[in-house]
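J.: Sequence isn't available, so here's the structure alone:
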């Protein structure tokens, strides 16, 4: 059952989309629709990862300026995980984006939550 977001949930979603809108490595734009798809996924892994990413977003306000947090684009992701298969989605504008599994993103962030 779908429901409307509260004002606080809308604010959190907007912050999430802004915070994770660029790859922290190459600064390429992350497709908003992909972030939204992830944000509203209902499976337990995605929900848990979203909670961790929201927590990291809040904690990062206290980080040193030299610490950059984000979700990598498909090109940078493939550099970190060369043996991982990436499922690509070819958009109408011919830009190539990856659908990253929650487990892949979790692996990239795991060192922050040990």
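T.: It's in. Quick caveat: nothing in here was measured; it's all calculated off a predicted structure.

J.: how about stretch 11-19: buried residues?
T.: Across stretch 11-19, burial judged by 16 or more other Cβ atoms under 10 Å covers 12-13, 16, 19. Yep, even glycine has a C-beta here, placed from its N, CA and C like the rest.

J.: now for the helix or strand hosting residue 15, which elements pack on it?
T.: If you go by DSSP states H and E, residue 15 is part of helix 7-19. With contacts defined as 3 or more Cβ pairs under 8 Å, 6 or more residues apart in numbering; DSSP states H and E, helix 7-19 has these neighbours: helix 32-39, helix 44-59.

J.: Tell me what angle that helix forms with helix 44-59.
T.: Per axes from the mean of the first three to the mean of the last three Cα atoms, to 10 degrees, the angle that helix 7-19 makes with helix 44-59 is 80 degrees.

J.: State the mean pLDDT of helix 7-19.
T.: Helix 7-19 comes out with an average pLDDT of 94.

J.: Tell me how far it lies from the chain's centre.
T.: Centre-to-centre, helix 7-19 and its host chain are 13 Å apart (Cα atoms, centre = their mean, to the nearest Å).

J.: element containing the residue nearest the centre of the chain?
T.: In the chain, the centroid-proximal residue (Cα atoms, centre = their mean) is residue 71; its distance is 4.5 Å. Under DSSP H and E, no helix or strand contains residue 71.

J.: and which of the buried residues of stretch 11-19 is nearest to residue 48?
T.: residue 16 (15.2 Å; Cβ to Cβ).

J.: my read: that closest one touches residue 53, true?
T.: Yes. Under the criterion of Cβ atoms under 8 Å, residue 16 makes contact with residue 53 at 7.3 Å.
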